[in-house]
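Engineer: From the sequence below, what's the structure:
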Amino acid sequence: MPGRIHGVIAGRDGAVYEGAHVALDETAPPGQPAIATASDGDGRFSFNDVPAGPFRLTVTAEGFAPQVATGVLGSGEIYDARTIVLPLNAASSEVRVNASQQEIAQEEFKQEETQRVFGAIPNFYVSYVPNAPPLSRKQKFDLAWKSSIDPTTFVLTAAFAGVEQAENTFSGFGQGAQGYAKRYGANYADNFTGAMIGSALLPVLLRQDPRYFYKGMGTVRSRILYAIANGVVCKGDNGHWQANYSGILGGLAAGGISNLYYPAANRNGVGLTFENAALGLAAGAVQNLLQEFVVRRFTPRIPNYGQSKP
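Structural biologist: Numbering: from 1, shown residues only. All right, here's what the predicted structure looks like:
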């Protein structure tokens, strides 16, 4: 049964250290790559779902000498590594490159790009790291672009267009192959503009993080409220929670743009804009609930990062 490893990083003066890079090497089974996280504002770090067996923790931080702690994790055990003290880095013959916040962010970003539900459906916009560094401008656009051109996106768009065709939604598009192509194009355009504006352009301009930060702890009620609230609030690049202007304005912008390509018979200007924006917010709340209670267990390549506090 998997267990959990947690601890605190501090300096010689007893002050806790935020942003230290903590790598976990599991020596059983052999050859398993290290996973990593960073200590939070209280100096704490945590790894969940760690297989039982021997392990090694390697802690590095700029200006400090690396520290290594080893132990053996029992089945289902919660292992307290206690306080790992980082001594100041004196002259040493050992040369080690310490990871910066940017390097940690890039590594976490690469791992987020591998997250797929059932190993196929993209699950890029969720972070299982409670204190993850903010995405860079390039990373925000990279995620939006990658999710827009992913093969699964085209397949799901085709499925939604098929349902609309069968129900004759937006009847102005007509039927037959031409009607289906128009519905497909409209669905894809909605998703593309929503992603590029609400998850890339506006988050860059407003310095907000478009990701959902998995809670995973606390009562069911607190997690439900957290998931729903994340439809209208988000983390800023400064790490503080704030109104999700990017998502809200992005939905309105995408809804307004949709007036350009929806059939005139089904287009009512402001009404269509707010209808599409409201549907987007509702869909976002449902998606957050699925992320909080369902998706994680079906996403096989999630790194064993610590969860946020309840």
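
Engineer: which stretches of the chain form strands?
Structural biologist: Secondary structure of the chain (DSSP state E): strands located at 3-11, 21-26, 35-38, 44-50, 53-60, 67-73, 78-86, 116-117, 121-122, 126-127, 212-213, 233-235, 241-243.

Engineer: closest to residue 167 out of those?
Structural biologist: For the strands of the chain, the distance to residue 167 is smallest for strand 121-122, at 23.5 Å, taking Cβ to Cβ. Using the backbone N, CA and C atoms, a C-beta is placed for each residue, glycine as well.

Engineer: just to revisit the earlier point, please tabulate the strands of the chain in CSV, including the columns distance to residue 251, mean pLDDT and mean neighbour count.
Structural biologist: Shown next, in CSV, are the strands of the chain (distance: least, Cβ to Cβ, whole Å; pLDDT from 0 to 100; neighbours: other Cβ atoms under 10 Å):
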stretch, distance to residue 251, mean pLDDT, mean neighbour count
strand 3-11, 38, 89, 20
strand 21-26, 37, 86, 21
strand 35-38, 32, 90, 22
strand 44-50, 33, 90, 20
strand 53-60, 42, 90, 18
strand 67-73, 45, 88, 15
strand 78-86, 42, 87, 15
strand 116-117, 23, 85, 18
strand 121-122, 20, 86, 18
strand 126-127, 19, 86, 21
strand 212-213, 16, 91, 22
strand 233-235, 13, 92, 19
strand 241-243, 13, 93, 13
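
Engineer: Stretch 284-301: which residues count as buried?
Structural biologist: Neighbour counts over stretch 284-301 (16 or more other Cβ atoms under 10 Å) mark 284, 285, 287, 288, 289, 291, 292, 295, 296, 299 as buried.

Engineer: mind checking how far the last one is from residue 34?
Structural biologist: The span separating residue 299 from residue 34 equals 20 Å under the rule Cβ to Cβ, to the nearest Å.

Engineer: do the same with the first one
Structural biologist: Here residue 284 is placed at a distance of 34 Å from residue 34 (Cβ to Cβ).

Engineer: any idea how far the residue nearest the centre of the chain is from residue 147?
Structural biologist: Ranked by distance to the mean C-alpha position of the chain (Cα atoms, centre = their mean), the top residue is residue 126 at 2.2 Å. Using Cβ to Cβ, residue 126 is found at 12 Å from residue 147.

Engineer: so where is the protein shaky, pLDDT-wise?
Structural biologist: 13-14, 26-33, 89-109, 111-112, 267-273, 275-277, 280, 301-310 (pLDDT under 70).

Engineer: Show me the domain layout of it.
Structural biologist: Using automatic domain parsing, the domain parsing of the chain gives 3-86, 103-298.

Engineer: For residue 126 and residue 147, list the residues in contact with both.
Structural biologist: Counting by Cβ atoms under 8 Å, 6 or more residues apart in numbering, residue 126 and residue 147 have no shared contacts at all.

Engineer: hang on, the earlier thing: nearest to residue 195, of the strands of the chain?
Structural biologist: Across the strands of the chain, closest to residue 195 is strand 121-122 (Cβ to Cβ), at 10.9 Å.

Engineer: who's in contact with residue 183?
Structural biologist: 161, 164, 165, 169, 170, 173.
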